[in-house]
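K.L.:
from the sequence below, what's the structure:
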Amino acid sequence: MELHVEFFVADLAPSRDFYTRVLGFEITRQKPDGFTELRRGSAILALNSDSILNADHPARPAPHERIGKGVEIVLVVDDLDAVHDQVLGSGWPLSTPMTDQPWGMTDFRLLDPDGCYIRITARPMA
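P.N.:
So this is what the prediction gives:
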């Protein structure tokens, strides 16, 4: 089984910029309608315009509601310090700084342009 996540976003350009420039994903496919597939390691995500969703589509957020509310996207990386430096170097704000968690892991957190909550954490030691 593989997990692919698709975000229906308000504006594709800032989302593409965030996932490529800030988080280091690479665009693997892009269609003329704007649909964009990105990959970093084994993580695959897609971006699509929320304008393609019918008004009653279950993925369409209510007015003034952020997408992904109640969801935490966890990205597990081999070199947490390098990813942290990349994010800081991009100028993107963190919502939580690098923190040693009581459960023994270290992470930092940020929001994407549409408000998706992302936790970036180190791969646990074997």
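K.L.:
check contacts around Met105.
P.N.:
121-122, 124 (C-beta atoms under 8 Å, 6 or more residues apart in numbering). Any C-beta I mention is one placed from the backbone N, CA and C, and that applies to glycine too.
K.L.:
that one and Asp85: what is the separation?
P.N.:
19 Å (C-beta to C-beta, to the nearest Å).
K.L.:
quick check on the contacts of Met105: which are buried?
P.N.:
For the contacts of Met105, a burial check counting by 16 or more other C-beta atoms under 10 Å picks out 121-122.
K.L.:
is Val83 in a helix, a strand, or coil?
P.N.:
The assignment at Val83 comes out as helix when based on DSSP: H, G, I helix; E, B strand; the rest coil.
K.L.:
wait, doesn't it sit right on Gly24?
P.N.:
Yes: Val83 is within contact range of Gly24, at 7.2 Å (criterion: C-beta atoms under 8 Å).
K.L.:
and these two? Which one has more around it.
P.N.:
Counted by other C-beta atoms under 10 Å, Val83 and Gly24 do not tie: Val83 has more neighbours, with 20 against 16.
K.L.:
skip the chain neighbours and tell me the closest residue to that one.
P.N.:
Take Val83 and drop its neighbours on the chain: the residue closest to it by C-beta to C-beta, 6 or more residues apart in numbering is Val77, 5.0 Å away.
K.L.:
same question, His4
P.N.:
Ile44 (4.8 Å).
K.L.:
burial count for Asp107?
P.N.:
21.
K.L.:
ok, the residue nearest to His4 - contacts?
P.N.:
Going by C-beta under 8 Å, 6+ apart, the list of residues near Ile44 reads 2-5, 28, 37-38.
K.L.:
in which helix or strand does it reside?
P.N.:
Using DSSP states H and E, Ile44 sits within strand 43-49.
K.L.:
equivalent analysis for Ser15, please.
P.N.:
Going by DSSP H and E, Ser15 is part of helix 12-17.
K.L.:
much appreciated, bye for now.
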